[in-house]
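In: this one's sequence-less:
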DNA sequence: AAATAAGTTTCAAAATATAGAAACTTTGTT
DNA sequence: AACAAAGTTTCTATATTTTGAAACTTATTT
(Lines give C-alpha, C1' and ligand atoms only; values in the text may rest on other atoms or scores of the structure.)
Protein backbone atom coordinates (compact mmCIF):
# COMPACT_ATOMS: atom_id res chain seq x y z
CA UNK A 1 0.00 0.00 0.00
CA UNK A 2 1.27 3.38 -0.96
CA UNK A 3 1.31 6.08 1.61
CA UNK A 4 -0.65 9.11 0.60
CA UNK A 5 0.97 12.33 1.67
CA UNK A 6 -1.71 14.83 2.48
CA UNK A 7 -0.26 15.76 5.80
CA UNK A 8 -0.08 19.46 6.22
CA UNK A 9 -1.30 20.22 9.68
CA UNK A 10 -0.57 19.02 13.15
CA UNK A 11 -3.32 17.20 14.91
CA UNK A 12 -2.89 19.28 18.01
CA UNK A 13 -3.32 22.38 15.90
CA UNK A 14 -6.38 21.02 14.33
CA UNK A 15 -7.98 19.98 17.56
CA UNK A 16 -7.34 23.31 19.20
CA UNK A 17 -8.70 25.19 16.28
CA UNK A 18 -11.69 23.22 15.23
CA UNK A 19 -12.69 21.07 18.11
CA UNK A 20 -11.80 23.08 21.14
CA UNK A 21 -9.07 23.30 23.69
CA UNK A 22 -8.10 20.09 25.28
CA UNK A 23 -9.79 19.44 28.56
CA UNK A 24 -12.79 21.66 28.13
CA UNK A 25 -15.34 18.98 27.38
CA UNK A 26 -15.92 15.68 29.04
CA UNK A 27 -15.35 13.96 25.77
CA UNK A 28 -13.58 14.44 22.49
CA UNK A 29 -15.15 13.56 19.22
CA UNK A 30 -13.65 13.46 15.77
CA UNK A 31 -15.21 12.92 12.42
CA UNK A 32 -13.34 12.18 9.25
CA UNK A 33 -13.63 10.78 5.82
CA UNK A 34 -12.71 7.14 6.09
CA UNK A 35 -9.26 6.82 4.63
CA UNK A 36 -6.38 4.64 5.53
CA UNK A 37 -4.01 7.43 6.49
CA UNK A 38 -6.61 9.20 8.58
CA UNK A 39 -7.35 6.02 10.45
CA UNK A 40 -3.70 5.74 11.37
CA UNK A 41 -3.60 9.30 12.60
CA UNK A 42 -6.72 8.75 14.65
CA UNK A 43 -5.15 5.79 16.39
CA UNK A 44 -2.17 7.92 17.24
CA UNK A 45 -4.34 10.80 18.43
CA UNK A 46 -6.45 8.57 20.61
CA UNK A 47 -3.41 6.85 22.05
CA UNK A 48 -1.82 10.16 22.95
CA UNK A 49 -5.10 11.34 24.41
CA UNK A 50 -4.90 8.33 26.68
CA UNK A 51 -1.31 9.13 27.54
CA UNK A 52 -0.09 5.77 26.40
CA UNK A 53 3.15 4.84 24.72
CA UNK A 54 3.07 2.57 21.71
CA UNK A 55 4.44 -0.15 23.92
CA UNK A 56 1.68 0.28 26.47
CA UNK A 57 -1.01 0.26 23.83
CA UNK A 58 0.62 -2.80 22.34
CA UNK A 59 0.28 -4.56 25.66
CA UNK A 60 -3.39 -3.65 25.89
CA UNK A 61 -4.03 -4.90 22.37
CA UNK A 62 -1.76 -7.87 22.68
CA UNK A 63 0.85 -7.00 20.08
CA UNK A 64 4.29 -5.45 20.07
CA UNK A 65 4.99 -1.79 19.81
CA UNK A 66 6.29 -2.28 16.29
CA UNK A 67 2.83 -3.25 15.15
CA UNK A 68 1.29 -0.16 16.70
CA UNK A 69 3.85 1.95 14.92
CA UNK A 70 2.96 0.36 11.61
CA UNK A 71 -0.73 0.92 12.16
CA UNK A 72 -0.27 4.55 13.08
CA UNK A 73 1.81 5.21 10.01
CA UNK A 74 -0.56 3.28 7.76
CA UNK A 75 2.27 1.07 6.62
CA UNK A 76 -0.31 -1.32 5.25
CA UNK A 77 -4.03 -1.62 4.71
CA UNK A 78 -5.16 -2.90 8.07
CA UNK A 79 -8.05 -5.29 8.45
CA UNK A 80 -11.23 -4.18 10.14
CA UNK A 81 -10.51 -6.75 12.77
CA UNK A 82 -7.25 -5.09 13.72
CA UNK A 83 -8.75 -1.62 13.67
CA UNK A 84 -11.49 -2.69 16.02
CA UNK A 85 -9.10 -4.39 18.41
CA UNK A 86 -7.06 -1.21 18.71
CA UNK A 87 -9.95 1.17 19.22
CA UNK A 88 -11.47 -1.18 21.72
CA UNK A 89 -8.25 -1.22 23.70
CA UNK A 90 -8.38 2.57 23.61
CA UNK A 91 -11.95 2.46 24.83
CA UNK A 92 -12.94 4.55 21.88
CA UNK A 93 -16.42 4.54 20.46
CA UNK A 94 -16.18 4.24 16.70
CA UNK A 95 -19.07 4.78 14.34
CA UNK A 96 -19.28 5.17 10.61
CA UNK A 97 -21.87 6.61 8.37
CA UNK A 98 -22.59 6.07 4.75
CA UNK A 99 -24.31 8.57 2.54
CA UNK A 100 -25.74 7.65 -0.80
CA UNK A 101 -26.44 10.64 -2.91
CA UNK A 102 -29.19 10.14 -5.35
CA UNK A 103 -27.59 12.33 -7.94
CA UNK A 104 -25.03 9.63 -8.44
CA UNK A 105 -27.63 7.08 -9.21
CA UNK A 106 -27.19 7.37 -12.94
CA UNK A 107 -24.49 4.74 -13.14
CA UNK A 108 -25.62 3.66 -16.62
CA UNK B 1 -5.59 23.76 5.73
CA UNK B 2 -8.94 24.85 4.46
CA UNK B 3 -9.38 21.66 2.55
CA UNK B 4 -8.81 19.55 5.61
CA UNK B 5 -11.02 21.54 7.89
CA UNK B 6 -13.63 18.87 7.94
CA UNK B 7 -14.80 19.74 11.38
CA UNK B 8 -15.32 23.46 10.89
CA UNK B 9 -18.86 22.81 9.81
CA UNK B 10 -20.67 19.79 11.00
CA UNK B 11 -21.22 17.26 8.34
CA UNK B 12 -24.89 17.20 9.02
CA UNK B 13 -25.04 20.93 8.44
CA UNK B 14 -23.24 20.68 5.15
CA UNK B 15 -25.43 17.91 3.90
CA UNK B 16 -28.59 19.64 4.95
CA UNK B 17 -27.48 22.65 3.02
CA UNK B 18 -26.08 21.15 -0.13
CA UNK B 19 -27.63 17.77 -0.49
CA UNK B 20 -30.97 17.88 1.15
CA UNK B 21 -32.61 17.56 4.50
CA UNK B 22 -32.37 14.24 6.21
CA UNK B 23 -35.29 12.10 5.32
CA UNK B 24 -36.04 13.84 2.08
CA UNK B 25 -35.71 11.97 -1.18
CA UNK B 26 -32.36 13.40 -2.20
CA UNK B 27 -30.17 11.23 -0.05
CA UNK B 28 -30.05 8.24 2.19
CA UNK B 29 -27.84 8.20 5.21
CA UNK B 30 -26.97 5.44 7.59
CA UNK B 31 -24.98 5.49 10.75
CA UNK B 32 -23.75 2.46 12.61
CA UNK B 33 -21.26 1.22 15.08
CA UNK B 34 -18.28 0.06 13.10
CA UNK B 35 -18.45 -3.70 13.07
CA UNK B 36 -17.55 -6.18 10.43
CA UNK B 37 -21.01 -7.61 10.01
CA UNK B 38 -22.61 -4.19 9.81
CA UNK B 39 -20.13 -3.16 7.15
CA UNK B 40 -21.14 -6.12 5.08
CA UNK B 41 -24.80 -5.31 5.42
CA UNK B 42 -24.14 -1.72 4.43
CA UNK B 43 -22.43 -2.81 1.26
CA UNK B 44 -25.44 -4.91 0.41
CA UNK B 45 -27.86 -2.14 1.23
CA UNK B 46 -25.97 0.39 -0.83
CA UNK B 47 -25.66 -1.99 -3.74
CA UNK B 48 -29.38 -2.67 -3.75
CA UNK B 49 -30.05 1.03 -3.48
CA UNK B 50 -28.08 1.39 -6.68
CA UNK B 51 -30.00 -1.43 -8.28
CA UNK B 52 -26.91 -3.40 -9.01
CA UNK B 53 -26.36 -7.14 -8.98
CA UNK B 54 -23.31 -8.55 -7.24
CA UNK B 55 -21.88 -9.24 -10.66
CA UNK B 56 -22.37 -5.66 -11.79
CA UNK B 57 -20.82 -4.27 -8.65
CA UNK B 58 -18.00 -6.71 -9.09
CA UNK B 59 -17.33 -5.30 -12.51
CA UNK B 60 -17.29 -1.77 -11.17
CA UNK B 61 -14.88 -2.73 -8.43
CA UNK B 62 -12.82 -5.03 -10.57
CA UNK B 63 -13.47 -8.32 -8.83
CA UNK B 64 -15.76 -11.27 -9.34
CA UNK B 65 -19.22 -11.56 -7.93
CA UNK B 66 -18.00 -14.21 -5.51
CA UNK B 67 -15.87 -11.64 -3.77
CA UNK B 68 -18.80 -9.25 -3.41
CA UNK B 69 -20.81 -12.05 -1.90
CA UNK B 70 -18.09 -12.74 0.64
CA UNK B 71 -17.82 -9.10 1.57
CA UNK B 72 -21.54 -8.72 2.04
CA UNK B 73 -21.71 -11.75 4.27
CA UNK B 74 -18.60 -10.73 6.20
CA UNK B 75 -16.99 -14.03 5.45
CA UNK B 76 -13.71 -12.57 6.59
CA UNK B 77 -12.23 -9.44 8.09
CA UNK B 78 -11.82 -7.25 5.05
CA UNK B 79 -9.01 -4.75 4.69
CA UNK B 80 -9.73 -1.05 4.69
CA UNK B 81 -8.41 -0.97 1.19
CA UNK B 82 -11.11 -3.32 -0.02
CA UNK B 83 -13.86 -1.55 1.88
CA UNK B 84 -12.89 1.74 0.32
CA UNK B 85 -12.75 0.33 -3.19
CA UNK B 86 -16.28 -1.00 -2.86
CA UNK B 87 -17.84 2.11 -1.41
CA UNK B 88 -16.09 4.20 -4.00
CA UNK B 89 -17.55 2.09 -6.77
CA UNK B 90 -20.93 2.62 -5.16
CA UNK B 91 -20.28 6.34 -5.06
CA UNK B 92 -21.00 6.32 -1.39
CA UNK B 93 -19.68 8.90 1.00
CA UNK B 94 -18.24 7.13 3.98
CA UNK B 95 -17.20 8.84 7.18
CA UNK B 96 -16.29 7.59 10.59
CA UNK B 97 -16.19 9.22 13.93
CA UNK B 98 -14.34 8.38 17.05
CA UNK B 99 -15.44 9.34 20.51
CA UNK B 100 -13.10 9.26 23.46
CA UNK B 101 -14.85 9.46 26.74
CA UNK B 102 -12.83 11.05 29.44
CA UNK B 103 -14.23 8.83 32.11
CA UNK B 104 -12.27 6.01 30.61
CA UNK B 105 -9.03 7.87 30.91
CA UNK B 106 -8.05 6.20 34.13
CA UNK B 107 -6.57 3.16 32.53
CA UNK B 108 -3.27 2.61 34.31
C1' DA C 1 -41.81 -27.17 -15.09
C1' DA C 2 -38.04 -25.48 -17.48
C1' DA C 3 -34.85 -21.97 -18.19
C1' DT C 4 -32.39 -18.08 -16.78
C1' DA C 5 -30.53 -14.93 -13.45
C1' DA C 6 -28.63 -14.04 -9.03
C1' DG C 7 -26.22 -15.38 -5.17
C1' DT C 8 -23.30 -18.76 -2.48
C1' DT C 9 -19.70 -22.00 -1.60
C1' DT C 10 -15.51 -24.55 -2.49
C1' DC C 11 -10.81 -25.16 -4.20
C1' DA C 12 -6.21 -23.71 -5.03
C1' DA C 13 -2.89 -19.95 -5.86
C1' DA C 14 -1.10 -15.45 -5.13
C1' DA C 15 -0.89 -11.30 -2.56
C1' DT C 16 -0.97 -8.99 1.67
C1' DA C 17 -1.34 -8.37 6.74
C1' DT C 18 0.17 -9.81 11.22
C1' DA C 19 3.56 -11.20 14.34
C1' DG C 20 7.98 -11.42 17.23
C1' DA C 21 12.58 -10.16 17.65
C1' DA C 22 16.29 -7.27 17.30
C1' DA C 23 18.77 -3.44 15.38
C1' DC C 24 18.36 1.19 14.53
C1' DT C 25 16.93 6.21 14.94
C1' DT C 26 14.89 9.89 17.19
C1' DT C 27 13.57 12.28 21.25
C1' DG C 28 13.92 13.54 25.93
C1' DT C 29 16.44 13.73 30.41
C1' DT C 30 20.16 14.11 33.61
C1' DA D 1 27.92 14.10 26.41
C1' DA D 2 25.94 10.16 28.12
C1' DC D 3 21.91 7.74 29.06
C1' DA D 4 17.25 6.19 28.80
C1' DA D 5 12.80 6.15 26.69
C1' DA D 6 10.00 6.13 22.70
C1' DG D 7 9.33 5.21 18.09
C1' DT D 8 10.77 3.18 13.52
C1' DT D 9 12.57 -0.15 10.39
C1' DT D 10 14.16 -4.61 8.85
C1' DC D 11 14.09 -9.56 8.78
C1' DT D 12 11.69 -13.91 8.77
C1' DA D 13 7.76 -16.73 9.55
C1' DT D 14 2.97 -17.43 9.88
C1' DA D 15 -1.81 -16.32 9.19
C1' DT D 16 -5.37 -14.28 6.59
C1' DT D 17 -7.35 -12.03 2.74
C1' DT D 18 -7.97 -11.69 -2.05
C1' DT D 19 -8.58 -13.69 -6.34
C1' DG D 20 -10.38 -16.56 -10.38
C1' DA D 21 -12.73 -20.40 -11.75
C1' DA D 22 -16.20 -23.55 -11.51
C1' DA D 23 -19.78 -26.04 -9.21
C1' DC D 24 -23.68 -25.43 -6.57
C1' DT D 25 -28.09 -23.42 -4.53
C1' DT D 26 -31.74 -20.22 -4.47
C1' DA D 27 -34.89 -16.87 -6.80
C1' DT D 28 -37.07 -15.14 -10.66
C1' DT D 29 -39.11 -15.33 -15.11
C1' DT D 30 -41.22 -17.40 -19.06
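Out: Yes, it's here. Since this is a predicted model, take the numbers as computed values, not measurements.
In: who's in contact with residue A:81?
Out: By Cβ atoms under 8 Å, 6 or more residues apart in numbering or on different chains, residue A:81 lies in contact with B:36, B:77. Every C-beta, even on glycine, is put in place using the N, C-alpha and C of the backbone.
In: tell me the SS of it?
Out: For residue A:81, the secondary structure call by DSSP: H, G, I helix; E, B strand; the rest coil comes out as helix.
In: residue A:41 is in what secondary structure piece?
Out: helix A:36-49 (DSSP states H and E).
In: output the contacting helices and strands for that helix.
Out: Judged by 3 or more Cβ pairs under 8 Å, 6 or more residues apart in numbering or on different chains; DSSP states H and E, the packing partners of helix A:36-49 are helix A:11-14, strand A:27-33, helix A:65-72, helix A:80-89, helix B:80-89, strand B:92-101.
In: residue A:51: how many residues sit nearby?
Out: Residues lying near residue A:51 (other Cβ atoms under 10 Å in any protein chain shown) number 10.
In: who's the nearest residue to residue A:93 once chain neighbours are set aside bridged to?
Out: Counting by Cβ to Cβ, 6 or more residues apart in numbering or on different chains, residue B:99 is the residue found nearest to residue A:93 once chain neighbours are left out, at 4.1 Å. Beta-bridge partners recorded for residue B:99 (DSSP bridges): residue A:29, residue A:93.
In: look up how far residue B:62 lies from residue B:99.
Out: Plainly put, residue B:99 is 35 Å away from residue B:62 if you go by Cβ to Cβ, to the nearest Å.
In: which of these two has more neighbours?
Out: residue B:99 (15 against 9).
In: cheers, nothing more for now.
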